[in-house]
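J.: Any chance you could fold what I've pasted below:
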Amino acid sequence: MGLVHLQIDSETSGRRLDAVLAAMIPELTRNHAQKLLEQGLVLCNGVAVTKGSLKLKEGDSVDVSIPEPEAMDVVPESIPLDIIYEDNDLLIVNKPKGMVVHPAPGHDSGTLVNALLHHCGDRLSGINGIARPGIVHRIDRDTTGLLVVCKNDHAHLSLSRQLSVHSITRVYECITEGVIREDGTVDAPIARSVSDRKKMGIREGGRRAVTHYHVKEILGNKYSHVECRLETGRTHQIRVHMASIHHPLLGDTVYGKAKQPFSTDGQVLHAGVLGFIHPTTGEYVEFRAPLPEYFEELLRKLRK
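T.: Residues are numbered from 1 along each chain as shown. Take a look at the predicted model:
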């Protein structure tokens, strides 16, 4: 376990504790800093602090204990990956429908991480306190499309910081129920549902979430083919936001109708565009993944 000492000066005074930790300790992301706070591993003036929102004052003394990354008890599996791009820092994967990104209770095999460990070996980043996950952001099991995976901590930190300031380009395509006549923006905070911990919802006091949507096509006067551009990236953001304006995603039995008119194996949602500043070259790069066949087939069917 490593110990880091920070002395707060006039330039840092007034800032949030979690933001200061992420800014001043290179190996920490803001999420990892929050986990350390929750574990009682951050002391301010000798007292354990659990809230990242604490505003620091000049002269404060902050001590952070950083545990060694936990080893992942995950078995590498030879699972085919649709790799759009790969270099020494990162790879871009086009995730298929039905694949879980990270192991979780009930999904300890067949995940993207299982496949990545086989493909990359030990060449994955160790940020956020878990050895070799490589995962910077996730998409739902039944959502298809692009994910960036990092091979080293430098790349991971760069991408995490770009995510935190909302500078990464993320464009999704979906099919919604009902006809949407005009483009628009949903700016509504999202937090975990109080009544159902598996769901998210729009709640006062939640994290700010912004989705810009553009209508690509009206389908049979019953559905809409929509492009959603994320300004923020909250869990289930597009699904929650589109449902909030009474246009849930087709196939979404969680935020839409329990009984769906088509067999889609979950929401019809595809992460088609991903763009960011490359952590080594400093140049903007952008990647695209075509709509999966099931999505294209559904569009053809709904146009009739």
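J.: pLDDT at T12, what is it?
T.: Note for T12: predicted pLDDT of 82.
J.: For it, which residues are in contact?
T.: 20, 24, 56, 58 (C-beta atoms under 8 Å, 6 or more residues apart in numbering). C-beta here means a position set from N, CA and C on the backbone, and glycine is covered the same way.
J.: In a helix, the first one, correct?
T.: This means V20. Yes: assigned with DSSP: H, G, I helix; E, B strand; the rest coil, V20 falls within a helix.
J.: Surely it and L6 touch.
T.: Yes: contact criterion C-beta atoms under 8 Å: V20 and L6 qualify, at 7.2 Å.
J.: Can you work out which residues contact both of those two?
T.: V62.
J.: Reformat the contacts of T12 as TSV; add pLDDT.
T.: TSV is the format used below for the contacts of T12 (pLDDT from 0 to 100):
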residue	pLDDT
V20	86
M24	77
L56	92
E58	91
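J.: In the chain, where is pLDDT below threshold?
T.: 1-2, 26-27, 68-72, 105, 126-133 (pLDDT under 70).
J.: How many residues are close by H247?
T.: Neighbours of H247 under the rule other C-beta atoms under 10 Å: 21.
J.: Am I right that it is in a strand?
T.: No: secondary structure of H247 (three-state DSSP): coil, not part of a strand.
J.: ok, what's across the strand from the closest residue to P96 other than its chain neighbours?
T.: Excluding its sequence neighbours, the residue lying closest to P96 (C-beta to C-beta, 6 or more residues apart in numbering) is T144, at 6.2 Å. Under DSSP bridges, the beta-bridge partners of T144 are H270.
J.: Can you give me the buried ones in stretch 261-274?
T.: 264, 266-274 (16 or more other C-beta atoms under 10 Å).
J.: From one end of it to the other, what's the distance?
T.: 31 Å (C-alpha to C-alpha, to the nearest Å).
J.: Pull the distance from that stretch to the chain's centre.
T.: 17 Å (C-alpha atoms, centre = their mean, to the nearest Å).
J.: go on, stretch 33-49?
T.: With C-alpha atoms, centre = their mean, you get 25 Å for stretch 33-49.
J.: buried stuff in it?
T.: Neighbour-count burial for stretch 33-49 [16+ other C-beta under 10 Å]: 33-34, 36-37, 41-42, 44, 49.
J.: how about JSON lines for those, with secondary structure added?
T.: Shown next, in JSON lines, are those (three-state DSSP):
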{"residue": "A33", "secondary structure": "helix"}
{"residue": "Q34", "secondary structure": "helix"}
{"residue": "L36", "secondary structure": "helix"}
{"residue": "L37", "secondary structure": "helix"}
{"residue": "L41", "secondary structure": "coil"}
{"residue": "V42", "secondary structure": "strand"}
{"residue": "C44", "secondary structure": "strand"}
{"residue": "V49", "secondary structure": "coil"}
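J.: if we look at whichever strand or helix holds N94, which residues are touching it?
T.: Assigned by DSSP states H and E, N94 falls within strand 90-95. Residues outside strand 90-95 that contact it (C-beta under 8 Å, 6+ apart): 81-86, 101, 112, 116, 120, 139, 143-151, 155, 159, 271, 274, 279, 287, 289.
J.: Filter the residues you listed down to the ones in helices?
T.: Counting by DSSP state H, the contacts of strand 90-95 place 112, 116, 120, 155, 159 in helices.
J.: May I have the strands that pair with the strand holding N94, each with its orientation?
T.: Short version: by DSSP bridges, strand 90-95 pairs with strand 83-86 (antiparallel), strand 144-150 (antiparallel).
J.: among those, which is the most enclosed?
T.: Sort those by mean neighbour count, taking mean count of other C-beta atoms under 10 Å, and strand 144-150 sits at the top with a mean of 25.
J.: what about that one, distance to the chain center?
T.: 10 Å.
J.: hang on, the earlier thing: quick one: which of the contacts of T12 is nearest to A188?
T.: Nearest to A188 among those: V20, at 28.8 Å, using C-beta to C-beta.
J.: what about the closest one, how many neighbours?
T.: V20 has 21 nearby residues by other C-beta under 10 Å.
J.: Repeat that for T185.
T.: 12.
J.: That one should be in a helix, yeah?
T.: No: per three-state DSSP, T185 lies outside any helix segment and is strand.
J.: so R170 bridges to which residues?
T.: L274.
J.: related to what we said a few turns ago, I'd like the ones in helices among the contacts of strand 90-95 laid out as TSV, including distance to E173.
T.: Formatted as TSV, those follow (distance: C-beta to C-beta, whole Å):
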residue	distance to E173
L112	21
L116	25
C120	29
A155	27
L159	23
